[in-house]
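Novice: coordinates for the following, if possible.
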Amino acid sequence: MRLGVLTGGGDCPGLNAVLRALVRRGVLEFGHEFVGILNGYEGLMEPRLTEALTLDSVRGILPKGGTILGTSNKANPFKYPERVDGKIKEVDRSDVAAKRYRELGLDGLVVVGGDGTLSIGHQLAEKGLNVVGCPKTIDNDLSGTDQTFGFDTAAGIITEAIDRLHSTAEAHQRVMVIEIMGRNAGFLTLEGGIAGGADVILIPEVPYRAESVVRKLKDRAARGSKFSIIAISEGAYPAGGSVAVAQAADEIPGRGVVRLGGSGKVLADLLAPQIDAEIRVTVLGHLQRGGTPSSADRVLATMYGAMVLDLVRDGRWDHMVCLRDGKLQFTSLAESRKERHVDVAGDKMRMARSMGISFGE
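Specialist: Residues are numbered from 1 along each chain as shown. Predicted structure coming up:
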């Protein structure tokens, strides 16, 4: 078969591992031919944005971050940005993507991405294209799977960052606020915060009360702990308040989502008048996405990339691979439209509370 492959949305460690596994098994076991679609769905919308994916082209890419195919989160075929009457507007150009698919002579399309990329894949499948998917996101917020690759590496980076902040926080007796990605789900902040020994963990699932955080900081100071570490999700917000937004959806034509950012500063401004300690905010930003993938992400991405060919073999189009109860399985691409959130009554939250970690409740 002749299969197109694209990586869409934000980059994350493990994407190249997927491509390597897909091509190696596809060529060696099935004799498939692969066409790399460059820059996400942009490669289906614009000419000359493809390249052959061969055993040679995936050699040596296992430890590399990013994606050799490039990616984009601004090329949704169903909301494609075009200049109309002097203004950039979002136009449905999905027919262009479908036509390009046929012109490339594809028997199927493998889309590797998060909720946006997979949702678009589902919509293309509804238009009659043969589409299968692999779930990725550092946020780990896709309801269709228990684990996405990229998450483990990002959580490790966050843990290391908090470790490093501990030393300077203690030396200067400061309150260190570290702002962490994750959008509307707190998985990264929860796991990175616990692993890094944060004293306060603030996640979107639990709107925080500033007075509760202040009380925690003052209690620590009264016990002789002159510094504190606060891990806060970019999507966390104070009770009765709203999420901090760095850029609105209508400012990014073709993307259709808001860009979050600033939750750390919002918190610092609320705390500053109520505590004596100096407060510093660190925004990890895209450091969380970069670098070589962890061994766990390499293995998971490799398994996903290899198993997606089972879906192709069996004609299970409009499905994606997933991990459920520790086993590789598959589910409908429609599942990618649903968000997964931290279980606030789950074991991790319960144990963290029992050790004195505050969630600002």
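
Novice: okay, now residue 157: neighbour count?
Specialist: 22 (other CB atoms under 10 Å). Placement of C-beta: from N, CA and C, glycine included.

Novice: what's the local residue count around the spatially closest residue to it that is not a sequence neighbour?
Specialist: Sequence neighbours aside, residue 288 is the residue nearest to residue 157 in space, at 5.4 Å (criterion: CB to CB, 6 or more residues apart in numbering). Residue 288 has 24 neighbouring residues, counting by other CB under 10 Å.

Novice: which residues are in contact with residue 288?
Specialist: Shown in contact with residue 288 (CB atoms under 8 Å, 6 or more residues apart in numbering): 138, 154, 157-158, 180-181, 188.

Novice: could I get the average pLDDT for stretch 266-281?
Specialist: Per-residue pLDDT values across stretch 266-281 average out to 94.

Novice: residue 141: neighbour count?
Specialist: By the measure other CB under 10 Å, the count of residues near residue 141 is 24.

Novice: quick one: it and residue 135 touch, right?
Specialist: No: taking contacts as CB atoms under 8 Å, residue 141 lies outside contact range of residue 135: 10.1 Å.

Novice: which parts of this protein are helices?
Specialist: In the chain, the segments counted as helices under DSSP state H are 15-25, 42-45, 94-103, 115-126, 151-172, 187-196, 210-222, 263-271, 295-314, 347-354.

Novice: closest one to residue 240 among these?
Specialist: Across the helices of the chain, residue 240 has its closest neighbour in helix 210-222 (10.4 Å, CB to CB).

Novice: okay, buried residues for that closest one please.
Specialist: 210, 212-214, 216-217, 220-221 (16 or more other CB atoms under 10 Å).

Novice: show me the contacts for the closest residue in space to residue 101 that isn't next to it in sequence.
Specialist: Nearest residue to residue 101, sequence neighbours excluded (CB to CB, 6+ apart): residue 129, at 5.5 Å. Counting by CB under 8 Å, 6+ apart, residue 129 touches 98, 101, 109.

Novice: try residue 323
Specialist: Contacts for residue 323 (CB under 8 Å, 6+ apart) come out as 145-147, 300, 329.

Novice: ok, it to residue 154 distance?
Specialist: From residue 323 across to residue 154, the span is 17 Å (CB to CB, to the nearest Å).

Novice: residue 196 now?
Specialist: Relative to residue 154, and taking CB to CB, residue 196 is found at 13 Å.

Novice: before we move on, what about residue 147?
Specialist: Taking CB to CB, one finds residue 147 at 12 Å from residue 154.

Novice: neighbour count: these two, which is higher?
Specialist: Neighbours were counted for residue 147 and for residue 154 using other CB under 10 Å; residue 154 has more, 31 against 19.

Novice: who are the contact partners of the more buried one?
Specialist: The neighbours of residue 154, taking CB under 8 Å, 6+ apart as the test, are 12-13, 138, 181, 188, 192, 288-289.
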